[in-house]
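Visitor: curious how this folds, go ahead:
(4 chains)
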Protein chains: 2
Amino acid sequence: MVQPKEDRRIQRTRQSLSTALLKLIEERGYDSLTVNDITEQANIGRATFYLHYEDKEQLLLESLEDMFSQLGDSIAPTAKVTGEHNSITATRLVFQHFADHHRLYRVLLTEKGAVMVFTRLLKILSQVAEQDVILKDVEQPKTGIPTHLVAHYVTGAILGLIVWWLNNDRPYSPEQMAVIYGHLMDPGATKVLGIAGAQLPDLSDVLSKR
Amino acid sequence: MVQPKEDRRIQRTRQSLSTALLKLIEERGYDSLTVNDITEQANIGRATFYLHYEDKEQLLLESLEDMFSQLGDSIAPTAKVTGEHNSITATRLVFQHFADHHRLYRVLLTEKGAVMVFTRLLKILSQVAEQDVILKDVEQPKTGIPTHLVAHYVTGAILGLIVWWLNNDRPYSPEQMAVIYGHLMDPGATKVLGIAGAQLPDLSDVLSKR
DNA sequence: AAATTTATAGACATAGAGTTCAATAAAAAA
DNA sequence: TTTTTTATTGAACTCTATGTCTATAAATTT
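Guide: A predicted model of the protein is given here:
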């Protein structure tokens, strides 16, 4: 499992397997795929698979790891800008990422087994919550709330939006979603994804655009 | 698979299987469990399992369904109260539910395979977000944002908190979490889980209590 | 008690996982 | 180019778990 990345064959094999897996997931879901399916799609011997990965889950994890770092890389530069800044950018890039890979993520976020519990909980709690959903007011003073907790709160909220967005065939653009998110997180409108930023566009303008 | 719920043996068998599965999940995780493990723990013949369920996933789904409706039932009465109302109650009940079954949910929300993607994404995005996390201000005007979208936003946020809470051994009580959530969702403090309600307790008071 | 339904153990067929190995192909080094 | 090293391959093989079936036993209902 420890590989000297030099040899081209290794890189090609791994690349092929990753590509094959992601393609198959979009077409047929993840759970039902066998190692044989993947190696066949990749045109690679089944024995070869085990020279590189322990099981299909490890392959998936490494493949996703690549995608996640792509996402991280695209956000990083915007996050480093301090002070005045177009705050929607970072959030928009997040939604853009999920739009770019929407078929894949829709499977992974929806499929039984894979994320079944998250989705299931979302659905159930949504029903309870959406009965009397109202929004919120007022301002946020400095609090003693742990940073990690807030981060989970924020990312949970975004993931919630993304699941909705993907399951509803993305009726808004990534830009619109970013603005919506900004307004939800900060009804008065100033900071998005925790990054200090400029004024948010007027919400009704944005929603009517499409 | 269609059962006349009358016969006591059926109820006992199903109950035993459900209990056995949930217990085993807490002890050994979900993925590695076999049907044989479950029936052995339940003291039931393996063939009997298949008289009731197609596979272990279906058993899990039905078992969780029971738990979810328990949760729904406990929240329902508080949600029906309109107007003035102790708004923390509903949220507190949600956290209480996860506390009651924390071992189980911790596995289900953390284990590879099961909810791996959600957890993984949470972790990655958290790292990006928590670098410059700041909070928000101002008030929320009436918007044209779809209700379902808001519901997903809200429940995503709660799930994010819950994942953090469970993975950090619940350093706060359900009550405290409810207050924290209320302050995050509504920095000025008024409505929680979308339910119109009374004033939130002062945050610094609540956090220092334990 | 009789009739009906469910539980059970054990046997069976099947699929897919994961390993091994000798032969071959391809890449890197000389 | 030649040599050397390394990766790929397919086939055979073991193993584990799934899912089904049948005849028998046990519990439940009427």
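Visitor: could you use CA atoms for every contact and neighbour count after this?
Guide: Fine.
Visitor: okay, now the domains of chain A?
Guide: Chain A breaks down into these domains under automatic domain parsing: A:1-80, A:82-210.
Visitor: pLDDT averaged over the first one - what is it?
Guide: If I follow you right, that is domain A:1-80. In this model, domain A:1-80 has an average pLDDT of 89.
Visitor: is it in proximity to DNA strand C?
Guide: Yes: contact between domain A:1-80 and DNA strand C, assessed by C-alpha under 7 Å from any atom of the strand, occurs at A:6-9, A:33-36, A:47, A:50, A:54-56.
Visitor: ok, the most centrally placed residue in chain A - contacts?
Guide: Computing the C-alpha centroid of chain A and ranking residues by C-alpha atoms, centre = their mean puts residue A:98 first, at 5.3 Å. By C-alpha atoms under 8 Å, 6 or more residues apart in numbering or on different chains, the contact list for residue A:98 reads A:105, A:162.
Visitor: state the three-state secondary structure for it.
Guide: Secondary structure for residue A:98, judged by DSSP: H, G, I helix; E, B strand; the rest coil, is helix.
Visitor: residue A:32 - how many residues pack around it?
Guide: Residues near residue A:32, counting by other C-alpha atoms under 10 Å in any protein chain shown, number 9.
Visitor: from the contact counts, what lies against the helix of greatest length in chain A?
Guide: Determined from DSSP state H, the single longest helix within chain A is helix A:56-80. Applying 3 or more C-alpha pairs under 8 Å, 6 or more residues apart in numbering or on different chains; DSSP states H and E, one finds that helix A:56-80 contacts helix A:8-28, helix A:88-100, helix B:116-129.
Visitor: so for it, what gets flagged as buried?
Guide: For helix A:56-80, the buried set under the neighbour-count rule, 16 or more other C-alpha atoms under 10 Å in any protein chain shown, comprises A:56, A:59-61, A:63-64, A:68, A:71-72, A:75, A:78-79.
Visitor: tell me the pLDDT at the closest residue in space to residue A:207 that isn't next to it in sequence?
Guide: Counting by C-alpha to C-alpha, 6 or more residues apart in numbering or on different chains, residue A:207 lies nearest to residue A:176, which is 6.9 Å off, once chain neighbours are set aside. For residue A:176, the pLDDT comes out at 95.
Visitor: angle of the host helix or strand of residue A:176 against helix A:88-100?
Guide: Using DSSP states H and E, residue A:176 maps to helix A:174-185. Angle, helix A:174-185 to helix A:88-100, by axes from the mean of the first three to the mean of the last three C-alpha atoms, to 10 degrees: 120 degrees.
Visitor: what helices and strands are in contact with helix A:174-185?
Guide: helix A:88-100, helix A:203-208.
Visitor: hmm, try it at 7 Å
Guide: With contacts taken as 3 or more C-alpha pairs under 7 Å, 6 or more residues apart in numbering or on different chains; DSSP states H and E, helix A:174-185 sits against helix A:88-100.
Visitor: buried ones in the helix it packs on?
Guide: Quick answer for helix A:88-100 (16+ other C-alpha under 10 Å): A:88-99.
Visitor: ok, and what's touching the longest helix of chain A?
Guide: Residues from elsewhere that reach helix A:56-80, judged by C-alpha atoms under 7 Å, 6 or more residues apart in numbering or on different chains: A:18, A:35, A:53, A:90, A:93, A:97, A:195.
Visitor: about what we covered before: reformat the buried residues of helix A:56-80 as a markdown table; add distance to residue A:160.
Guide: Shown next, in a markdown table, are those (distance: C-alpha to C-alpha, whole Å):
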| residue | distance to residue A:160 |
| --- | --- |
| A:56 | 27 |
| A:59 | 26 |
| A:60 | 22 |
| A:61 | 22 |
| A:63 | 23 |
| A:64 | 19 |
| A:68 | 18 |
| A:71 | 18 |
| A:72 | 19 |
| A:75 | 19 |
| A:78 | 23 |
| A:79 | 22 |
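Visitor: list the buried residues of stretch A:29-49.
Guide: Buried residues in stretch A:29-49 (16+ other C-alpha under 10 Å): A:29-30, A:35, A:38-39, A:41-42, A:49.
Visitor: and of the residues of domain A:1-80 next to DNA strand C, the nearest to chain B?
Guide: Of all the residues of domain A:1-80 next to DNA strand C, chain B sits closest to residue A:56, with 10.7 Å by C-alpha to the nearest C-alpha.
Visitor: returning to what we had before: considering only the buried residues of helix A:88-100, which also neighbour DNA strand C?
Guide: Among these, none lies close to DNA strand C by the criterion of C-alpha under 7 Å from any atom of the strand.
Visitor: can you check the pLDDT for residue A:132?
Guide: On pLDDT, residue A:132 comes in at 38.
Visitor: nearest to residue B:106, of the helices and strands packed on helix A:56-80?
Guide: helix B:116-129 (11.0 Å; C-alpha to C-alpha).
Visitor: downstream of the closest one, the next helix or strand is which one?
Guide: Sequence order places helix B:147-167 as the next helix or strand after helix B:116-129, per DSSP H and E.
Visitor: for residue A:205, grab the count of nearby residues.
Guide: 10.
Visitor: near DNA strand D at all, the longest helix of chain A?
Guide: No: contact between helix A:56-80 and DNA strand D is absent, the nearest approach being 14.4 Å (criterion: C-alpha under 7 Å from any atom of the strand).
Visitor: and that helix, how far from the chain's centre?
Guide: Here helix A:56-80 is found 10 Å from its chain centre; the criterion is C-alpha atoms, centre = their mean, to the nearest Å.
Visitor: report the inter-axis angle for it versus helix A:8-28.
Guide: Orientation check (the same axes, to 10 degrees): helix A:56-80 against helix A:8-28 gives 90 degrees.
Visitor: still on that earlier bit, any chance of the buried residues of stretch A:29-49 in JSON lines with distance to chain B as columns?
Guide: Formatted as JSON lines, these follow (distance: C-alpha to the nearest C-alpha, whole Å):
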{"residue": "A:29", "distance to chain B": "14"}
{"residue": "A:30", "distance to chain B": "10"}
{"residue": "A:35", "distance to chain B": "16"}
{"residue": "A:38", "distance to chain B": "18"}
{"residue": "A:39", "distance to chain B": "21"}
{"residue": "A:41", "distance to chain B": "22"}
{"residue": "A:42", "distance to chain B": "23"}
{"residue": "A:49", "distance to chain B": "20"}
